[in-house]
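> okay, predicted coordinates and the sequence, questions at the end:
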Amino acid sequence: MQHQSPYIDCNVEMITIQGLYKSFGDNHVLRGVDLKVCKGENLVVLGRSGTGKSVLIKIISGLLKPDAGTVIVLGENVVDLNEKELRELRLKIGFSFQSSALYDSMTVRENLEFPLVRHHRKLSKAEVSRSVERVLDAVGLSQTINQMPSELSGGQRKRIGIARTLILQPQIMLYDEPTAGLDPITSGEINRLINEVQRQFHTTSIIITHDLTCAKETGDKVAMLLDGRFVKQGTFEQVFNAQDERIKSFYDYNFIQ
Ligand SMILES: Nc1ncnc2c1ncn2[C@@H]1O[C@H](COP(=O)(O)OP(=O)(O)OP(=O)(O)O)[C@@H](O)[C@H]1O
């Protein structure tokens, strides 16, 4: 595969999944998932509702145990880790989920300080301030530092949420439906921010989305989850130029600008 981005190093695999299976009773959700994510890569996972995208993310972060398979994240097989080791691993992973809301009673600055103070108690006030200013600048919202979340737009809140995740300097970012519920212009801003995060912080990202514009704009690689496995992986064009009716119908069904 062709990689244009200078931030990607495929000699280093940040996530390697082989032969992953997960069922809930008779519901066989993941049936032989194989996946490799290179250092610095933006990988988009596409799939219809209920195909197991969230289950996959939960397995990668050790929140769910697989029935079979290996899941190597940052060099460690998550299946073998105990709770303490999993907590340490999760500190290296940034979660940007729809549910990761800001604290309404705290200013933007306090929201951003919160994870730092909680996890890095030894930092001086000046170091905390510098980190807050750096991530706010990265998401382009330095001017909101003293505002309350209720004073911000939906897109701005989303960006502050991403800043709050970045402040712990994660090596991997997991974005779950980053543009859901946002208008096209705000979605475009979030897509550009995801790419900016890749450039500035050299993170490796998995982006789960139904939004094909988001997939096209952010994905170095796109992987289509269908019937419990990845049927096609490649660039956006490689995936959607494939002569596979199921992929074509996904494309036709999901509006693209
Ligand atoms: N803890 C659980 N117990 C039982 N079934 C579960 C559990 N978690 C997920 N499932 C089932 O696994 C399947 C995949 O769910 P998942 O949430 O991963 O889908 P998804 O692809 O993320 O969907 P969406 O795009 O709608 O968020 C669904 O049928 C769901 O009901």
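Right, received. Where do you want to start? Numbers count the residues shown, from 1 in each chain.

> tell me what the longest helix along the chain is packed against?
In terms of residue count, the longest helix belonging to the chain (DSSP state H) is helix 184-201. For helix 184-201, the packing partners by 3 or more C-beta pairs under 8 Å, 6 or more residues apart in numbering; DSSP states H and E come out as strand 42-46, helix 125-138, helix 154-166, strand 204-208, helix 212-218. Using the backbone N, CA and C atoms, a C-beta is placed for each residue, glycine as well.

> what's the local residue count around residue 13?
Burial of residue 13 is recorded as 18 neighbouring residues (other C-beta atoms under 10 Å).

> excluding covalently adjacent residues, which one is nearest to it?
With sequence-adjacent residues excluded and distances taken as C-beta to C-beta, 6 or more residues apart in numbering, residue 13 is closest to residue 36, at 5.3 Å.

> residues contacting that neighbour?
Taking C-beta atoms under 8 Å, 6 or more residues apart in numbering as the contact definition, residue 36 lies against 13, 15, 16, 17.

> does the third one count as helix, strand or coil?
Each residue gets one of three states, and residue 16 gets strand by DSSP: H, G, I helix; E, B strand; the rest coil.

> wait, what's in contact with it?
Taking C-beta under 8 Å, 6+ apart, one finds 35, 36, 37, 70, 71, 72 in contact with residue 16.

> phi, psi of residue 76?
The phi and psi torsions at residue 76 (degrees, to the nearest 10) take the values phi -120, psi 140.

> what distance do you get for the spatially closest residue to it that is not a sequence neighbour to the ligand?
Of all residues not flanking residue 76 in the chain, residue 89 sits nearest, at 6.4 Å (C-beta to C-beta, 6+ apart). In this view, residue 89 and the ligand are 20 Å apart by C-beta to the nearest ligand atom, to the nearest Å.

> check residue 51 too.
As it turns out, when the distance is counted by C-beta to the nearest ligand atom, residue 51 lies 4 Å from the ligand.

> quick one: contacts for that residue?
The neighbours of residue 51, taking C-beta under 8 Å, 6+ apart as the test, are 29, 225, 226, 227, 228.

> touching the helix or strand hosting residue 111 from outside, list them.
With elements delineated by DSSP states H and E, residue 111 resides in helix 108-119, which encompasses its position. By C-beta under 8 Å, 6+ apart, the surrounding residues in contact with helix 108-119 are 91, 102-103, 106, 123, 128, 131-132, 135-136, 141, 144-149, 152, 160, 163-164, 167-168.

> contacting residues around residue 97?
The neighbours of residue 97, taking C-beta under 8 Å, 6+ apart as the test, are 174, 176.

> phi and psi next, for it.
As for residue 97, its main-chain torsions (degrees, to the nearest 10) stand at phi -110, psi 160.

> pipe the contacts of residue 36 into JSON lines and attach pLDDT and distance to the ligand per row.
Formatted as JSON lines, the entries for these read as follows, by pLDDT from 0 to 100; distance: C-beta to the nearest ligand atom, whole Å:
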{"residue": "13", "pLDDT": "94", "distance to the ligand": "23"}
{"residue": "15", "pLDDT": "97", "distance to the ligand": "17"}
{"residue": "16", "pLDDT": "97", "distance to the ligand": "20"}
{"residue": "17", "pLDDT": "97", "distance to the ligand": "15"}
